[in-house]
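1. Below is the sequence, then the predicted model.
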Amino acid sequence: MSRGPRDDPYLDVDRSGDPRGLAKLLELRGGQGSQAALRRAFLAFVGIRPGWRVLDVGCGTGVVSRALAERVGRAGRVEGIDPSRVLVREARRLGRAAGLGSRLAFRIGEGAALPYPDGGFDAAMAVTVLLHLPDGERVLREMIRVTRPGGRVAVLDQDFGTLALDHEDRALTRRILDAHTDRYYADGWSGRALLRHLRAAGLHRVRLRPFVVMETVYDPYTRSMLERRVECCRRWRLIDRAEGRRWLEAVEARARERSFFLSLNYYGAVGVRP
Ligand SMILES: C[S@@+](CC[C@H](N)C(=O)[O-])C[C@H]1O[C@@H](n2cnc3c(N)ncnc32)[C@H](O)[C@@H]1O
């Protein structure tokens, strides 16, 4: 699943220099209306049922784990796992604050070496995780191992090759977005490859569904996403300071005219463990 060089703080959140900032960003993203709709649609597509025991790999601050806990109900159980101590601490705090403590637990750990016995979960999922990981295949194999035969293994990833932004400078926009997609993630095109990866991992009855997220308001999360792209391209010396500033100012101008537009395809894939 892995591609070019990487500069991605999600590979080691605790040593990224700003783990709390990343925790805030994950919650900001999770709070967007478009993301709440995406979560609902994805969990319905996977077919998570009341009473199920579900594993959320790369759970971060627990945005998806909390939605899962609502869905499995009092008889169900959700376990979130993430290598980041800071994110797991925040996930525990937010889970308790949401009153979901009894059906929701979090643990520190790596997706490629899950600390669970074989077949203990009805479903395992990873949401916007695999595109970041150079060893995504191993993580997927582990997710399959800990799921019971007949249970579901599901992945949701963005495909940054589909990021569409209405911008007056198309050439510069392509330069910034394409470079970021290719250099920042282990696989910025992960979404379109999920069907292939889940089949190659041996899952049965694999289904795939696109989910389009669209933003017409330039909110703080979307702003941080575009600013990060400019910062990276400057660090990689692909654009200079003036180009970056001009590019972001043109985005701000669209927002002031109330004509901001950004869309991004996510792809959800689910298969059955044989
Ligand atoms: C973009 S965040 C997604 C968090 C959460 N799934 C969500 O949708 O809000 C990616 C997450 O993957 C986690 N991660 C990084 N390396 C990992 C690994 N080897 N195994 C499992 N998770 C990992 C990061 O710590 C981070 O929480």
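-> Cool, the structure landed.
2. Pick out the residue nearest the middle of this protein.
-> Nearest residue to the geometric centre of the chain (C-alpha atoms, centre = their mean): residue 128, 1.8 Å.
3. any idea how far residue 8 is from it?
-> Going from residue 128 to residue 8 by C-beta to C-beta, to the nearest Å gives 12 Å. Backbone N, C-alpha and C define where each C-beta goes, glycine included.
4. before we move on, back to that, quick check on the residue nearest to the centre of the chain: phi, psi?
-> Torsion angles at residue 128 (phi, psi; degrees, to the nearest 10) stand at phi 50, psi 50.
5. Flag the shaky bits of the chain, pLDDT-wise.
-> Residues of the chain that meet the criterion pLDDT under 70 lie in 1-6.
6. Scan it for its longest strand.
-> For the chain, the strand with the greatest residue count under DSSP state E is strand 147-165.
7. Against which helices or strands is that one packed?
-> The contact analysis (3 or more C-beta pairs under 8 Å, 6 or more residues apart in numbering; DSSP states H and E) places strand 147-165 against helix 33-46, strand 121-127, helix 136-145, helix 170-184, helix 190-200, strand 262-272.
8. Let's see that with 6 Å instead.
-> helix 33-46, strand 121-127, helix 170-184, helix 190-200, strand 262-272 (3 or more C-beta pairs under 6 Å, 6 or more residues apart in numbering; DSSP states H and E).
9. and the angle for the shortest one with strand 147-165?
-> Going back to what we said before, that points to strand 121-127. Interaxial angle, strand 121-127 versus strand 147-165 (axes from the mean of the first three to the mean of the last three C-alpha atoms, to 10 degrees): 20 degrees.
10. quick one: contacts of strand 121-127?
-> Contact with strand 121-127 is made by 52-55, 57-58, 64, 143, 146-147, 151-156, as judged by C-beta atoms under 6 Å, 6 or more residues apart in numbering.
11. Now do the contacts for the residue of the chain positioned farthest from its centre.
-> What lies farthest from the middle of the chain is residue 242; by C-alpha atoms, centre = their mean that is 31.2 Å. Residue 242 sits next to no residue when contact means C-beta under 6 Å, 6+ apart.
12. Tell me the secondary structure at it.
-> helix (DSSP: H, G, I helix; E, B strand; the rest coil).
13. Check the gap between it and residue 134 for me.
-> Applying C-beta to C-beta, the value for residue 242 to residue 134 is 34 Å.
14. Please apply the same query to residue 61.
-> Per C-beta to C-beta, residue 61 is found 23 Å from residue 134.
15. More neighbours: which of those two?
-> residue 61 (29 against 15; other C-beta atoms under 10 Å).
16. In three-state terms, label the more buried one for me.
-> coil.
17. And it, its phi and psi?
-> Residue torsions, per degrees, to the nearest 10, at residue 61 are phi -80, psi 0.
18. Show the contacting residues for it.
-> Applying C-beta under 6 Å, 6+ apart to residue 61 gives the contacts 23, 26-27, 87, 90-91.
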